[in-house]
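**Student:** Can you look at this prediction? I've put the sequence above it.
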Amino acid sequence: MTAPSPPEILRAPLVVEFPFTRSLGPVQSAFLTGLREGVVLGVTTADGKVMVPPVEYDPVTAEEIRELVEVGTTGTVTTWAWNGSPRPNQPLATPFAWVLVRLDGADTAILHALDAPGPGAVATGMRVRVRWAAERTGAITDIACFEPADSQDTASAAQAAPHTGEFADAVTGIVAQARLDYSYSPGRAQTAYIAGLSERKTIGERCPSCHKVYVPPRGACPTCGVATTDRVEVGPAGTVTTYCIVNIKARNLDIEVPYVYAHIALDGAGLALHGRIGGIPYDQVRMGLRVEPVWTEGGRYPDHYRPTGEPDADYDVYKELI
Amino acid sequence: MARYAREVAVVAFAQSDHLRRTDELSEVEMVMPVLHQVLAATGLKAGEIGFTCSGSSDYLAGRAFSFTMTLDGVGAWPPISESHVEMDGAWALYEAWVKIQTGEADTALVYSYGKSSPGSVRDVLTRQLDPYYLAPLWPDSVALAALQAQALIDAGETDEARLAAIGARSRAAASANPHAQLSGVVPQGEYQVAPLRTGDCPPIGDGAAAVVLAAGDVARRLCERPAWITGIDHRIEAHSLGLRDLTDSPSTRIAAEHAGVFEGPVDTAELHAAFSSQEVVLRKALGLGEDVSVNPSGGALAANPIMAAGLIRIGEAAARIHRGESDRAVAHATSGPCLQQNLVAVLEGDRA
């Protein structure tokens, strides 16, 4: 592990994006709809504490709690941290303070951003007020951020007041968008495999203990639990060990159904990989059929496999690889 | 020893070197040498292990079911008894410990690993937050730790100089740890999110760790001085930071009570305090005095492979018992923002 990365190790951008659609319960629905309407709601626990943001179950007793109250849009900073270098997606693009704010009438604090000119302008105990987003949809980001409150705001500290939580056209769900950017490296063994494919070669790795050749190689023999390091070129031809006939057309897949998907034991490989069989009617594909890869112009792996015309392989030759 | 049905000990521990990047290694390529090392220490072969449990995170890898790839490294054919937690390996160890307590296994291999280098770990960790109220704001892990640090400073429990001293002490201790990512004198650096500076934050890196657990006489056969787990417990607190007193860790204290930490003196504490401010909270919750050697390995401030750093705390504490440098150690692991979940174990060596 101490060796520097060899320059030939592959790396590529990997983007993971997931728009989770989440439904809201009655309390979260009222809270987020309230934000859209410029109202901050909390929930009252059995012992009379007001929780903002509200939850549906008491964190101490686990009792269901549904009693909504409206609290103020001004509050007090309970702790803070100065974020001199905002990261992508955070509420403000300019330096800001992360704050926990106890809104007037609430007993717990909400996490958000505070727009302030510098860390010298922020302190625990300072008074702040909500700055609403220009366009509100029923999300925590409807609070654009907090901003320092002036004395007029401070004079009128709100009390919690009962609220029905009923609004016209309530928000019942959110879409939680997320995107994470990675730089993926497949490691030594898979880099060798992918590099081989670029020369239209299939590279496996042999286990030094059981001598099985793994293709594609992942760097370890799952039977022996040891590193596979001995590189072996396998194929190009191979034998169909088993197959299925696909009758359902996959979306965005430009292949006519029915077609055959097969396990193919490339010559010299210790296990079968899979690929599509072409160049032969689907109902004539059989176990033991000898096939070879067909590459398309610019393809990074075989498009499909077609019959070589050789006699079928004996069952005994491939029976261990089914 | 009467706390549980069976005596269970950590009998071996191994870890990788922890590095900023390991592009040349897939996860299994990173984990396998550690597995070989820990098994070699016991003389057991992979097929002789009663139960295998791992901890890792798909979000670090950016790929679903990424842990299945590392199963190749344990020799999962013919089939083995195996499980996985999407958490730090300390919780995988807890599951393995339960498995041994039930009598279904006498030995267990526990491993965990994390490669933070492919992504931006500060941003990745925001995805473990509440998706309704927190995740849309993308508050990163350093920002949340900084809120806790400011709360401690406001409460008069620490200040920036004392926080800096924690980082400096940890990295000085790591000079004796060949696996550490950061050791010796490291500049305190600029504010990351004030009041935390670079020196208050853990390095970002890749690494793996493994331990072998064994019960009773099997443990005595495999290890000259087994590190008996005489207590282990884990507790969780409310997710919302605004509900919690960030200057305290009641979950750590309750877990410690149930694990028996306070029933006798401890000489060593391996604390999963990734941020200097978290050590302040944990020392208080565990009632650690100045006579206790805290993070003699350098702790997570010297190497913090996500998902392995907690298991490493248990491993480091056990290794000190194996070497005769400790008689009664406490090991701690955490998960979630601002010490949300905490696991505490007491490890003891037989007295001469």
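**Tutor:** Received the coordinates, thanks. Residues are numbered from 1 along each chain as shown, chains lettered A, B, ... in the order given.

**Student:** who's in contact with residue 125?
**Tutor:** No chain in the question, so chain A it is. Taking C-beta atoms under 8 Å, 6 or more residues apart in numbering or on different chains as the criterion, residue A:125 is in contact with A:76, A:77. Using the backbone N, CA and C atoms, a C-beta is placed for each residue, glycine as well.

**Student:** that's the wrong chain, I meant chain B
**Tutor:** Here residue B:125 is in contact with B:59, B:140, B:141, B:306 (C-beta under 8 Å, 6+ apart).

**Student:** which residue does the stretch 201-350 of chain B bring closest to chain A?
**Tutor:** The stretch 201-350 of chain B approaches chain A most closely through residue B:242 (3.3 Å), counting by C-beta to the nearest C-beta.

**Student:** quick revisit: which one of the contacts of residue B:125 sits closest to chain A?
**Tutor:** Closest to chain A out of those is residue B:140 (5.9 Å), distances taken as C-beta to the nearest C-beta.

**Student:** So the residue of the stretch 201-350 of chain B closest to chain A belongs to a helix, correct?
**Tutor:** Yes: under DSSP: H, G, I helix; E, B strand; the rest coil, residue B:242 falls within a helix.

**Student:** can you pull the contacts of it?
**Tutor:** Shown in contact with residue B:242 (C-beta under 8 Å, 6+ apart): A:52, A:53, A:78, A:100, A:102, A:108, A:109, A:110, A:111.

**Student:** Which residue, neighbours along the chain excluded, lies closest to it?
**Tutor:** Excluding its sequence neighbours, the residue lying closest to residue B:242 (C-beta to C-beta, 6 or more residues apart in numbering or on different chains) is residue A:109, at 3.3 Å.

**Student:** Next up, the contacts around the one you found.
**Tutor:** A:52, A:78, A:100, A:101, A:102, B:241, B:242.

**Student:** low-scoring stretches of the stretch 1-150 of chain B, by residue?
**Tutor:** B:1-2 (pLDDT under 70).

**Student:** Tell me where it has helices.
**Tutor:** Under the criterion DSSP state H, counting those that start in this stretch, the stretch 1-150 of chain B contains helices at B:27-42, B:58-61, B:67-70, B:89-101, B:121-124, B:141-154.

**Student:** Residue A:31 against residue A:37, yeah?
**Tutor:** No: using C-beta atoms under 8 Å, residue A:31 makes no contact with residue A:37, being 11.0 Å away.

**Student:** re earlier: is it possible to get the helices of the stretch 1-150 of chain B out as JSON lines so that each row also shows mean neighbour count?
**Tutor:** Converted to JSON lines, the helices of the stretch 1-150 of chain B look like this (neighbours: other C-beta atoms under 10 Å in any protein chain shown):
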{"stretch": "helix B:27-42", "mean neighbour count": "22"}
{"stretch": "helix B:58-61", "mean neighbour count": "21"}
{"stretch": "helix B:67-70", "mean neighbour count": "21"}
{"stretch": "helix B:89-101", "mean neighbour count": "24"}
{"stretch": "helix B:121-124", "mean neighbour count": "21"}
{"stretch": "helix B:141-154", "mean neighbour count": "25"}
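
**Student:** Just put those in JSON lines and tack on distance to residue A:131.
**Tutor:** Shown next, in JSON lines, are the helices of the stretch 1-150 of chain B (distance: least, C-beta to C-beta, whole Å):
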{"stretch": "helix B:27-42", "distance to residue A:131": "44"}
{"stretch": "helix B:58-61", "distance to residue A:131": "32"}
{"stretch": "helix B:67-70", "distance to residue A:131": "43"}
{"stretch": "helix B:89-101", "distance to residue A:131": "40"}
{"stretch": "helix B:121-124", "distance to residue A:131": "24"}
{"stretch": "helix B:141-154", "distance to residue A:131": "19"}
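
**Student:** Near chain A, which residues of the stretch 101-250 of chain B? Just list them.
**Tutor:** For the stretch 101-250 of chain B, the contact set with chain A under C-beta under 8 Å from any C-beta of the partner chain comprises B:118-120, B:122-124, B:127, B:131-140, B:143-144, B:146-151, B:154, B:191, B:193-196, B:238, B:240-243, B:246.

**Student:** and the contacts of residue B:242, which two are the farthest apart?
**Tutor:** Maximum pairwise distance in those, criterion C-beta to C-beta, is 14.1 Å, between A:53 and A:78.

**Student:** if you count what's nearby, which of these two comes out ahead?
**Tutor:** residue A:53 (28 against 21; other C-beta atoms under 10 Å in any protein chain shown).

**Student:** Next one: the more buried one from chain B, what distance?
**Tutor:** 5 Å (C-beta to the nearest C-beta, to the nearest Å).
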